[in-house]
Each structure stands twice: as structure tokens, then as C-alpha cells.
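Asks: Give the three-dimensional model of this entry:
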Amino acid sequence: MTTTTLAVLVPLLPFLGAAAGLLLGRTAPGFVRPLAVLPTLAALVLAVLVVARQGGGGAIDAVTELTPTGSVPVELALHIDGFAALVAVLVGAVATCVQIYSTGYLRDDPRYASYAALVSLFTSAMFLVVYSGDLMVLLVGWEVMGICSYFLVGHYWETPEARAASLKAFLVTKLGDVPFLIGLLALATEAGSFRITEILGAVASGSLDHPTLIALLLLAGVAGKSAQFPLHTWLPDAMAGPTPVSALIHAATMVAAGVYFVARLLPLFEASRAAMVVLAVMAAVTMVGSALAALAQDDIKRVLAYSTIGQLGYMTGALATGDRGAAVFHLLSHGAFKALLFLAAGVIIHAAGTNSLAAMSRMRGLRDRVPDAYWTMTVALLALAAIPPFSGFFSKESVLGAAEHVATGHTGHAPGAAGWTVLVAGLITALLTAAYATRLWLLAFRGRGAEAPDHGRQPLAMNAVLWALAIPSLALGGLTFRLLPDWFDDHALTPTLTTSVLGTGVALVGGIVTYAAWRHTTALAARTPLGAVAAHPEGDAGLVEAEAIASHRPAYGDVASAPDPSDPGRLLLGPVHRHAAAGFHLDAVYTALFVRPVRAGASLVRFLDREVVDTYVRAAGALPRWLGAAVRRAQTGNVQTYVSALLAGTVVLAVAAVLVATGA
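Replies: Numbers count the residues shown, from 1 in each chain. As a prediction, this is how the structure comes out:
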């Protein structure tokens, strides 16, 4: 079997699994779980074979024209270089883990069949994005992921939170997709093709007339899909969906698509220094802002959501320095430990039994209750905080090293201002990342909330997946930068001394300061009655109510408890805490700038339609009706009435004739 055939089967198998799962979900429910797991697992195996055959060498290209479309043809093309091959393995591995995990996590869910089919379709769409060599075909996968996210985030559609979150995710990402589509069409018009190789050739020859405009239009779609400022607000709310969906979206699909797209077309963005600076500023604001917001969240899933936004900021920051090797390296590393974090959070949610969307302030005694989640999440948090020798250290240092090279003028792929922006923001974010990772660990496993009822040991499928993901979270970074340099454009990914010392140093400072703040608040809380803290108006600040999952799992008990007063986030952030917990009020800003004006305009249109347009329509119908009523009254059927009217008319005409004659 040729490599091209293997590559075609990779997205095709999950698609067929999704179709079969939807068809057999009601008639043969016993086949649903095998159809969810086996096609995705087979796609992973084939993706690994593609990696083995591609070998980090030259790209594998294959193309066939779908149909004549005029001057710019749309072609079913494959373009598999080292980046595409490795990212496809990440997608397959995480999707397989999510499907296996979901067999235990959603074992009692009545809509599991449709859920599993949508996850398979989601996976197939991301495979299509990764392997596609034609931007129109890539756009198909791009949009299919958008509609899948809408359905999966709104899986628990009975709850208003899930309905609102799914609609918000769809609308915000579509807001970015409109200029993205315009940019694709403009790019294809100037390059004369939708083929990625043809476009890169046009960029290299300087054939593009408006690279800055095209790059900025494309960045709008990237910001929406990869949840970058200012279109990131949909991602924290998307936590209303099932936790395995969060793992899939955050680790291997959807949000990774934007970063991967820029990595594929990086020469286009490098052709515009303005676009590179915009990309750097977008990454810097995203990194720092999301890290501050994560430090103030009480819900464990929202902490991880803001963490994803920040880590994607690192990837876009690496791209802003012209180093796609560092960006994809961090994408691979982050995919492993972020999937582990979310799936471990799912175990914690079940064990905590909380009905407050996994509020960390209400957790207690979980270390001994969920030892698998405790140890694996500890590994993942150390990777997230970039502590050596965990994988996050190597990939994050490659980003900081790339920024240092640009800032110090050792490479000319990007402006020096972009390098300094990414480097400073990256170091600040490293400090904050270690702080909120430490806070999450302390509150989740050493918190002082009320102890939840014991729901027993988690299903084997869930715990096995956690340990499977813990291995790459620990070893992926070191193996990648030592064994796979050819896969990253022959780019050395070895950490540099300066950024290694600075990055690790600020991370240690962030962790130590957070631990000290936690000890301080714990000591204060020990001298304060818990009821008094709960009664304080600020005691429950930042709590996000009514998790959709809790209302659908009878095994999840409601824990009526006061929030943990030992949260160090409030002490560390001080007056900024309230604003950070609300995401710096960006939703309120968007409501004031866009939602209210649109609603006001809609109200005006409705008023004009009902009171003005409908008035004319009603009047146009009323006049003939009145005339008809008058005529109908004249038609009495009485001959005497008709003769009398005839005589009266004759008299009137005679009088009129006399008057006319007299006047003449």
C-alpha cells in the first residue's frame, strides 16, 4: 500500500466510523463503542506508518482535480511534510485516548452514540486540515470542526449554560472565519492557485501584491479558531461541554488548527513585517492576560481553558519570531500534557462530587481518593510549568530561545521588536503559569473544602488513559529535541543557557511565592470560622454555577460546602483579582460595543416592520375592504330600491345638465 493511500485512509476511517455510529446508534447500540474506538485507533496506526515512511525527509505530494472551477482550480491534494506527519500522530493519539476515556466517563449517557460519532467526525476533520495540500479542502475540515464543536459543547443542551456556550463558540469563531475566507480568496487570486506549494512558490518569487492585507485577514480566522486575543472569549465558556470534549478541542483539534495553519504558510506572514509585529503583540497580550485570568479562576476547567489560551500564545509567539519548528514542537508537547490535565480533571470532578462546575474551593481530601489522577496531574502540571526535565520545559525553552535570537539580532526572520515582545511576555507568562499551576495543585489536592461522598474507584479505561498520556508528558520533550531534529527544518531545539536559566528561575519563583501565599492564607483560615468566611460577600467570588455534567450524572453528589478560604490567588492578585476572574470584562465590552447595538438595531427594524410597513400593508387591504362593504350594502336585491336609486340619479343628472346649460 502506497504512502498516499495510507494518508487518504487516515481521515477516511474516522469519518466512516462516525457515519456508521450514527446509523447503528439506535438499532445496534452494542456496536457504538467499538465503532468509536477502533476506526480512530486504526487511523492512529496508519498515521504512525505515514511518519515512518515520510521519515522527516521531503514532502509527500499527491493531487487530483476535483472539478473545473474556472481560473483558480480546487484540487484534492495532499502535502505531508515532517510537521504534518507528526501533528497527525498527535491528533490520532489524543483522539484515541479521548474515545477510550469516554467509554467510561459517559457510560450512562443516553446520547453517547451521537457524542462518539461527532468526536470521530471532529477527528476526521482535523486530519483533513493536517494533510490537505489545497486551501479550499483545508477550509472544509476547518468548518466541519466548527460545527462539531457547536454540537459537542452543547451536548448537555438541557442546561442554559451549554446552549449559550455552544452558540457563543460558533458565532465568535465564525466572526473570524469571514475575513479568513476573504483572505483565502484574495490569496488564491494573487497566487493563481489554492495549492499550498504553489502559494509558497508565489511568495518566494514576490508575486503577491498585498501580502500584509492577506496576512491580516488570515490572522482574524486564526485568532478565532485558536482562541487568541481578541477572539478568545468563547473558549472558557466552552467548558460547559463534557470534559473529554475539552481535552480534544484543547489538545489536538480546533485550537491547534490555527497555529498549524500559520506554521504551514509562515513564509507568507514573514513577507509582511507588519503582520509579524501584529502576531507578536497578539501573542503577548494573549499570554499575559490569560495567565492572570487563570490565576483568578475557581473552576478547575476554566483554569485549564485559560492555560490553553496562554500556551497557544507561546506557539503564536514562536511563529511571530519566524520559528515554526519551536511552535510545532510546543504544539506537540502541549497536546500531550493538556489532554492529560483535562482528563485528570474529569476524574477529579467525579470524585469531588461538586455541583459547582468543579470548583476548587470546594475540594478536599482528593489525593488519597484519586491517586492515579493525583500523580499523573502532578506530572502534567510540572510540564505545564516548564520544570525540567518534563516535556514542557524543552518546548517552552525553544520558544523563548527563538525569541532571544530575534531580539538580539541573530536571525532576520522577524523584526527585533517582535522578538523582544515575545521574550518579555513569555518570561512573565512563565512566572504566572507556575503560579496558577501550583495554586491548582494545592487547592485540588490539599484544599480545605467539604469532603465529598466517595463514589468509588474510577473505571479502568479512564485511569489507563491517564498513565498513557503521562509518558509523553514526561519524556516527549527530551526525546524530540535529541532524536528528531530533521523534522523541524534542521532547526536546533536544544535549550539555550540564558533562556533556560531565566525561564526556570521565574517558574520556580512563581511556584514558591504561590506556595508561601497558600501557607499564609491557610494559617489565617485556620483561625477563622469557616462559616464566617462563607458568609462574607467576597467568599464565593468567581464561582461559576451549575455545571452541565452534574445534572446528568446521578453518581455526582451535591456538596453543600463553604468555599476554601485558603485560596492564594486573591492574595497574589490583590485588586486585580476581581477583574481577572471576570476575564477583564471583555464579554461586557463586547456586549456594550456589539450585542446591545445589534439588539437595538433589531428592535428598531422590528418596530419599523410592525408599525410602519405593516400599517401600510394593513391599509392597502382595508381600503378595498371598505369599498366592498359599501358596494355590498347597495346590492340589497330590492327592485324598488334600485328604481328609486335610478330615479334619484336621473334627477341629479337633469339638475346638473340645467345648471351647465344656464351657465353656458
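
Asks: As PDB, could you dump the C-alpha coordinates of stretch 268-279?
Replies: This file holds the C-alpha atoms of stretch 268-279, laid out as PDB (Å, rounded to 0.1, in the frame of the first residue of the first chain):
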ATOM      1  CA  LEU A 268       3.500  34.400   3.600                       C
ATOM      2  CA  PHE A 269       3.400  36.100   7.000                       C
ATOM      3  CA  GLU A 270       7.200  36.700   7.000                       C
ATOM      4  CA  ALA A 271       6.700  38.600   3.800                       C
ATOM      5  CA  SER A 272       5.000  41.300   5.900                       C
ATOM      6  CA  ARG A 273       6.900  42.800   8.800                       C
ATOM      7  CA  ALA A 274       3.700  44.500  10.000                       C
ATOM      8  CA  ALA A 275       1.900  41.100  10.100                       C
ATOM      9  CA  MET A 276       4.700  39.600  12.200                       C
ATOM     10  CA  VAL A 277       4.500  42.500  14.700                       C
ATOM     11  CA  VAL A 278       0.800  42.200  14.900                       C
ATOM     12  CA  LEU A 279       1.200  38.400  15.500                       C
END
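
Asks: Let me see the mean pLDDT of it.
Replies: Averaged across stretch 268-279, pLDDT comes to 94.

Asks: Where does the most far-flung residue of the chain relative to its centre sit, in terms of helix or strand?
Replies: Here the centre of the chain is the reference, and by C-alpha atoms, centre = their mean the most remote residue is Thr662, at 92.4 Å. Take DSSP states H and E as the rule and Thr662 turns out to sit in helix 639-663.

Asks: quick one: the residue farthest from the centre of the chain from Ala402, how far?
Replies: Using C-beta to C-beta, to the nearest Å, Thr662 is found at 108 Å from Ala402. Backbone N, C-alpha and C define where each C-beta goes, glycine included.

Asks: Please apply the same query to Gln640.
Replies: From Gln640 to Ala402 the distance is 106 Å (C-beta to C-beta).

Asks: Counting neighbours, go ahead and name the busier of these two.
Replies: Comparing Gln640 with Ala402 by other C-beta atoms under 10 Å, the one with more neighbours is Ala402, at 34 against 8.

Asks: Grab the nearest non-local neighbour of the more buried one.
Replies: Spatially, and ignoring its direct neighbours in sequence, Ala402 is nearest to Asp323 (3.7 Å; C-beta to C-beta, 6 or more residues apart in numbering).

Asks: Run a quick neighbour tally on the one you found.
Replies: As a burial measure, Asp323 scores 29 neighbours (other C-beta under 10 Å).

Asks: Ser193 touches Pro73, doesn't it?
Replies: Yes: with contact defined as C-beta atoms under 8 Å, Ser193 and Pro73 form a contacting pair (7.3 Å).

Asks: Which one of these two is surrounded by more residues?
Replies: Legend: neighbour count by other C-beta under 10 Å for Ser193 and Pro73, higher for Ser193 (21 against 18).

Asks: Helix, strand, or coil at the more buried one?
Replies: coil (DSSP: H, G, I helix; E, B strand; the rest coil).

Asks: Report the contact partners of it.
Replies: By C-beta atoms under 8 Å, 6 or more residues apart in numbering, the contact list for Ser193 reads Val72, Pro73, Ile199, Ala202.

Asks: Can you verify my assumption that the third one contacts Leu268?
Replies: Yes: using C-beta under 8 Å, Ile199 is in contact with Leu268, at 7.0 Å.

Asks: between these two, what contacts are shared?
Replies: Shared contacts of Ile199 and Leu268, counting by C-beta under 8 Å, 6+ apart, come down to Leu187.

Asks: Can you name the residues in contact with stretch 197-212?
Replies: Applying C-beta under 8 Å, 6+ apart, the contact partners of stretch 197-212 are 59, 61, 79, 133, 135, 186-188, 190-193, 214, 265, 267-268, 271-272, 274-275.
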